[in-house]
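> Provided below for reference: sequence and predicted model.
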Amino acid sequence: MEEVVIIGAGASGLACGIELGRRGISCLILEGKEKAGKKIYASGNGKCNLANRNISADKYHSMGVSGYEQIRSVVPETAAASVEQFFHEIGIPFTERNGYLYPHSEQAGAVVHAMEETVTGLGGHIKCNTYVKSVEWNKKRNCFQIHTNEERYQCKRLVLAAGGAASPQHGSDGSGYKLAGQLGHSVTPCLPSLCGLKVQASDFQKLQGIRAKGQASLFIDNQRIAVEHGEIQFTQYGLSGIAVFNLSRYAGVALHKRKQVRIDLDLCVELSEQELWTLFKQAKQISGYRNIGSVLSGIIPEKLARYLLKHQGISEEIEIRHLKPEDIKRLIQMVKRFSADITDTNTLEQAQVTAGGIPLSEIDLDTMESKLCPGCYLTGELVDVDGCCGGYNLMWAWESGRRAGQSINDTN
């Protein structure tokens with residue numbers, strides 16, 4: 001019989017295994033994929049954004065009332081320093097850019113290898129290509145029984161670190177929710193987060209390939225809910241980019257509740273409407289012979305300028321001196337408030353993170369132990385916690401996994 005079995009060799013499972021090993025508790029980590037840490041390899045475009053120093057309440061969410069307030073004890077404002085120390089101790093120094101923390105080599109593979117070697121060096125074992133079909137508590141034997149595609153395992157304590165339902169090609173496929181359910185847990189709706197948003201306009205694909213810096217404001221039933229700044233990407237299906245990714249969670253939940261969702265883009269944050277009006281007025285007075293397409297392309301990407309002009313019924317060849325004030329006003333309004341009705345999010349297969357999971361109310365966050373099934377611990381993306389882009393989801397994984405590993409004792 002194993003002392004501890006961890007289901008899932010992802011971020012939280014490996015972190016848990018290391019903490020157990022440091023305390024002299026052996027563990028067996030079962031991983032369904034062919035190698036450990038597949039989702040870690042994909043993080044930060046392969047550079048592995050391990051953590052972020054800028055932690056605040058708006059960086060974490062849950063389907064519950066207040067995601068961050070509930071998990072503050074696990075991921076406090078000082079969590080980045082804790083994560084940095086943890087990785088420094090296993091030979092991974094950090095480099096920092098604007099609060100974003102990366103391994104100094106900027107290679108996710110180095111992180112996974114260091115964690116794997118530390119787990120095994122401390123007496124743990126990792127078994128890949130082992131898919132867990134079911135788990136149960138055997139009252140007669142006073143242990144958990146784990147049924148896999150190969151054999152059956154028994155253990156005194158069980159850690160469910162099987163991940164969420166997002167990006168199954170990089171790791172988890174949502175099967176962890178079924179395992180938690182077999183031990184009495186419920187699951188909230190599981191929706192895509194950190195993903196692209198689909199737009200209603202039929203000709204939106206004409207904007208495919210455009211990248212612009214700007215501000216994205218999300219409206220739900222005509223009420224502004226959230227604002228993000230950063231790169232906005234126009235795609236064949238709609239909108240993408242970090243600013244949009246960080247809004248996708250709100251959009252997905254609202255659409256799930258059949259609410260109306262739209263995004264307003266400010267494509268020229270640096271200039272107010274009045275400043276743009278002055279700019280056009282000066283262009284009209286000093287170089288009125290310039291065509292409006294050329295002038296507008298000096299403010300926003302050329303392809304986008306053509307799109308806006310077409311939608312306003314204005315020829316891009318018309319000289320700016322011939323434009324009526326109301327035409328200029330409409331163009332300025334579109335630059336500052338380019339609206340797009342959102343019809344859907346991308347799928348869980350295309351999302352980076354799952355919004356939803358095992359409710360926080362069913363977990364003792366001081367230990368990550370189940371309130372419904374003593375001896376079972378739940379960590380990482382399996383739990384109803386999701387964060388913004390920038391290392392926040394990995395921070396939750398590291399710290400929740402470590403919390404479980406530090407809480408399990410060898411006398412239970």
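Nice, thanks for sending it over.

> SS state for residue 162?
What DSSP: H, G, I helix; E, B strand; the rest coil gives for residue 162 is coil.

> Tell me where the model's unsure across the protein.
65-67, 410-412 (pLDDT under 70).

> measure residue 312 to residue 333 for me?
10 Å (Cβ to Cβ, to the nearest Å). For glycine as for every other residue, the C-beta is placed from the backbone atoms N, C-alpha and C.

> try residue 201
Counting by Cβ to Cβ, the gap from residue 201 to residue 333 is 17 Å.

> again with residue 243
According to Cβ to Cβ, residue 243 and residue 333 sit 20 Å apart.

> Show me this structure divided up by domain.
Listed domain ranges for the chain are 2-191+355-407, 196-346 (source: automatic domain parsing).

> Dump those domains to a markdown table, plus mean neighbour count.
Formatted as a markdown table, the domains of the chain follow (neighbours: other Cβ atoms under 10 Å):
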| stretch | mean neighbour count |
| --- | --- |
| domain 2-191+355-407 | 20 |
| domain 196-346 | 17 |
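
> Three-state assignment for the nearest residue in space to residue 133 that is not next to it in sequence, please.
Using Cβ to Cβ, 6 or more residues apart in numbering and skipping residues adjacent in sequence, the residue nearest residue 133 is residue 147, 4.9 Å away. Here residue 147 is recorded as strand under three-state DSSP.

> and the gap between residue 147 and residue 223?
Note on residue 147: its distance to residue 223, by Cβ to Cβ, is 48 Å.

> which residues touch the residue nearest to residue 133?
By Cβ atoms under 8 Å, 6 or more residues apart in numbering, the contact set of residue 147 is 132, 133, 134, 135.

> Take the residues you listed and keep only those in strands.
When the contacts of residue 147 are checked against strands (DSSP state E), the matches are 132, 133, 134, 135.

> tell me which of the residues you listed is nearest to residue 380?
Nearest to residue 380 out of these is residue 132 (Cβ to Cβ; 15.2 Å).

> What residues are bridge-paired with the closest one?
Bridge pairing for residue 132 (DSSP bridges) gives the partners residue 148.

> Likewise for the one 4 residues further on?
Going by DSSP bridges, residue 136 is paired in beta bridges with residue 145.

> what's it in contact with, if anything?
Residues counted as contacts of residue 136 (Cβ under 8 Å, 6+ apart) are 144, 145, 182, 183.

> dump the residue contacts of the second one.
Contact analysis of residue 145 by Cβ under 8 Å, 6+ apart lists 135, 136, 137, 138, 152, 153, 154.

> Quick check, residue 101 in contact with residue 47.
No. Under the criterion of Cβ atoms under 8 Å, residue 101 is not in contact with residue 47, lying 10.8 Å apart.

> Which residue is the nearest non-sequential neighbour of residue 62?
Among residues not flanking residue 62 along the chain, residue 384 sits closest, at 4.6 Å (Cβ to Cβ, 6+ apart).

> which element follows the helix or strand hosting residue 176 toward the C-terminus?
If you go by DSSP states H and E, residue 176 is part of helix 175-182. The first helix or strand that comes after helix 175-182 along the chain, using DSSP H and E, is strand 191-193.

> mind listing what whatever helix or strand comes next after that following strand pairs with, with the direction of each?
On the C-terminal side of strand 191-193, the closest following helix or strand by DSSP H and E is strand 197-199. Strands that pair with strand 197-199, judged by DSSP bridges, come out as strand 238-240 (antiparallel), strand 338-345 (antiparallel).

> For residue 177, give me its contacts.
Contact analysis of residue 177 by Cβ under 8 Å, 6+ apart lists 165, 187, 190, 357, 358, 382.

> okay, among those residues, which ones form the most distant pair?
For the contacts of residue 177, the farthest-apart pair by Cβ to Cβ is 165 and 358; their separation is 12.2 Å.

> So residue 264 lies in a helix, does it not?
No. According to three-state DSSP, residue 264 belongs to no helix; its state is strand.

> just how off-centre is the helix holding residue 176 within its chain?
Put simply, helix 175-182 sits 21 Å off its chain's centre (Cα atoms, centre = their mean, to the nearest Å).

> Render the CA-only coordinates of it in PDB, please.
This file holds the C-alpha atoms of helix 175-182, laid out as PDB (Å, rounded to 0.1, in the frame of the first residue of the first chain):
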ATOM      1  CA  SER A 175     -11.700  13.500 -15.900                       C
ATOM      2  CA  GLY A 176     -10.600  14.700 -12.500                       C
ATOM      3  CA  TYR A 177     -14.000  16.100 -11.900                       C
ATOM      4  CA  LYS A 178     -15.500  12.600 -12.300                       C
ATOM      5  CA  LEU A 179     -13.000  11.200  -9.800                       C
ATOM      6  CA  ALA A 180     -13.900  14.000  -7.300                       C
ATOM      7  CA  GLY A 181     -17.500  13.200  -7.900                       C
ATOM      8  CA  GLN A 182     -16.900   9.600  -7.000                       C
END
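
> any idea how far residue 115 lies from residue 124?
Residue 115 is 11 Å from residue 124, where distance means Cβ to Cβ.

> scratch that, residue 197
For residue 197, the distance to residue 124 equals 41 Å [Cβ to Cβ].

> And for residue 117?
From residue 117 to residue 124 the distance is 11 Å (Cβ to Cβ).

> what's in contact with the helix or strand hosting residue 226?
Element membership for residue 226, per DSSP H and E: strand 223-234. Residues outside strand 223-234 that contact it (Cβ under 8 Å, 6+ apart): 204, 207-219, 239-244, 246-247, 250, 254, 265, 269, 304.

> and if we set it to 7 Å?
For strand 223-234, the surrounding residues in contact (Cβ atoms under 7 Å, 6 or more residues apart in numbering) are 207-219, 239-244, 246-247, 250, 265.

> cool, stretch 349-361 as well?
Here stretch 349-361 makes contact (Cβ under 7 Å, 6+ apart) with 61-64, 70, 164-168, 180, 185-196, 249, 252-253, 348, 378, 381-384, 386, 393.

> Equivalent analysis for stretch 84-103, please.
Here stretch 84-103 has contacts from 44, 47-54, 80, 104, 110-111, 114-115, 118, 390-391, 398, 402, using Cβ under 7 Å, 6+ apart.

> Alright, that wraps it up for me.
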